[in-house]
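# build the 3D model from these lines:
(one chain, ligands or ions: 1)
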Amino acid sequence: MRGVPFMFVATSVLFVTVGMIWGIVMSASGDHTLAPAHAHLNLLGWVTMALFGIYYHLVPVAAGRMLAKIHYAVATLGVIIIVPGIVMAMQQNGEALAKAGSLLTVASMLIFLFTVIRDRKP
Ligand code: HEM
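Predicted coordinates:
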């Protein structure tokens, strides 16, 4: 695996490693307050990103496009912004970051929707 599929999968593994350590810290401390942010890191950062990577591995023509690189940048930035955004929102420290991360995350999924439709076989 190389290129965009590798980037998606490698980044997803990095995200879930951080997410698991976060989960262990929550368990050990008994403080589960930030569980929703942990869940979003794991579900958007690990599950969703890894699925994108597997798709691009299975559909090399999609992985070769510039749009795939843009998709990777938007999806990664979305996770990096939405997770601390959720933490801030939960701690009543403002919702701007969560909103920005949400928009990037939905933009990433719209790029993927466009890509999947574009790659359909007649
Ligand atoms: C070492 C691995 C992990 C540990 C130790 C861990 C630990 C935890 C803990 C302590 C909670 C709070 C439970 C509660 O308050 O009821 C939690 C919630 C959650 N975790 Fe994890 N977790 C791990 C990995 C994952 C992964 C890989 C995913 C998803 C792919 C995930 C998804 C969730 C979800 C959806 C919740 C519920 C969030 C909520 O109630 O708002 N976790 N986890």
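# please make it C-alpha for all contacts and neighbour counts, starting now.
Fine.
# was I right about I81 contacting K99?
No. I81 is beyond contact range of K99, at 9.1 Å (criterion: CA atoms under 8 Å).
# now do A98: how many residues are near it, please.
Residues contacting A98 under the criterion other CA atoms under 10 Å number 22.
# so for it, what's the pLDDT?
Looking at A98, its pLDDT stands at 98.
# how about the contacts made by the residue nearest to it when sequence neighbours are not counted?
Excluding the flanking residues, the one nearest A98 by CA to CA, 6 or more residues apart in numbering is G85, at 3.9 Å. For G85, the contacting residues are E95, A96, L97, A98, K99, G101, by CA atoms under 8 Å, 6 or more residues apart in numbering.
# go again with 10 Å.
For G85, the contacting residues are 37, 79, 91, 93-102, taking CA atoms under 10 Å, 6 or more residues apart in numbering as the criterion.
# list the helices and strands the longest helix belonging to the chain packs on?
Across the chain, the helix with the greatest residue count (assigned by DSSP state H) is helix 3-29. In terms of contacts (3 or more CA pairs under 10 Å, 6 or more residues apart in numbering; DSSP states H and E), helix 3-29 is packed against helix 35-40, helix 49-58, helix 60-63, helix 66-90.
# the inter-axis angle of it versus helix 49-58?
On the basis of axes from the mean of the first three to the mean of the last three CA atoms, to 10 degrees, helix 3-29 is oriented at 160 degrees to helix 49-58.
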